[in-house]
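1. model the structure of this input:
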Amino acid sequence: MVAQCRKKCESMQEKFTEKLEQLHTAYQKMAKRCQMMEQEIESLPKDKQELQENFSEKARQKRKLDEMYDQLRSEYESNKRSAIQPANNFFSRNDPDLFSNPAATMMDNRDPIRKAMKNDCFVIVTL
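-> Have a look, this model is predicted:
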């Protein structure tokens, strides 16, 4: 009976030792995992700072490109508005043509100075 109890005790001790070793191995794995996570947590603020700096730089570059784009677009629009218009619209007049009246035409035919002035074209360009 004592031998049987010893055998049972030794068997239980082996099982206990085996379970203890399993727990110890699991504990070591968890300790390593915790250590790795702590290192990762320590590196997160540094990574965050780096990402914020990169974002700030990219945002600055985007603002600069937006400004350049707006400037080019306004220059383009300005050039487009000031482009040479078709010839019939370039020197358009708002006042009526003085020579379109038949009475004025008859008077112009009688006066040689007016007749000479009518036939000559003068264009004055101011910049």
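2. report pLDDT for Trp85.
-> I think there's a mix-up here, since residue 85 is Gln and not Trp. At Gln85, the model reports a pLDDT of 58.
3. quick check: Phe55 vs Lys32, distance?
-> Phe55 sits 34 Å away from Lys32, going by CB to CB, to the nearest Å. C-betas here are computed from N, CA, C, even on glycine.
4. now do Leu23
-> Applying CB to CB, the value for Leu23 to Lys32 is 15 Å.
5. in the protein, which spans are helices?
-> 2-81, 87-90, 102-110, 112-119 (DSSP state H).
6. can I get the ones you listed in CSV with mean neighbour count?
-> As requested, these are exported to CSV (neighbours: other CB atoms under 10 Å):
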stretch, mean neighbour count
helix 2-81, 10
helix 87-90, 8
helix 102-110, 11
helix 112-119, 11
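7. where are the low-confidence patches of this structure?
-> Along the chain, segments meeting pLDDT under 70 span 84-127.
8. try it again with 80
-> Under the criterion pLDDT under 80, the flagged ranges of the chain are 83-127.
9. would you mind writing the CA trace of stretch 38-45 as CSV?
-> Extracted in CSV, the C-alpha atoms of stretch 38-45 (Å, rounded to 0.1, in the frame of the first residue of the first chain):
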residue,chain,number,x,y,z
GLU,A,38,6.9,48.0,-24.1
GLN,A,39,9.6,48.7,-26.7
GLU,A,40,6.9,49.3,-29.3
ILE,A,41,5.1,51.6,-26.9
GLU,A,42,8.3,53.5,-26.4
SER,A,43,8.8,53.9,-30.1
LEU,A,44,5.3,55.0,-30.8
PRO,A,45,5.7,58.7,-29.7
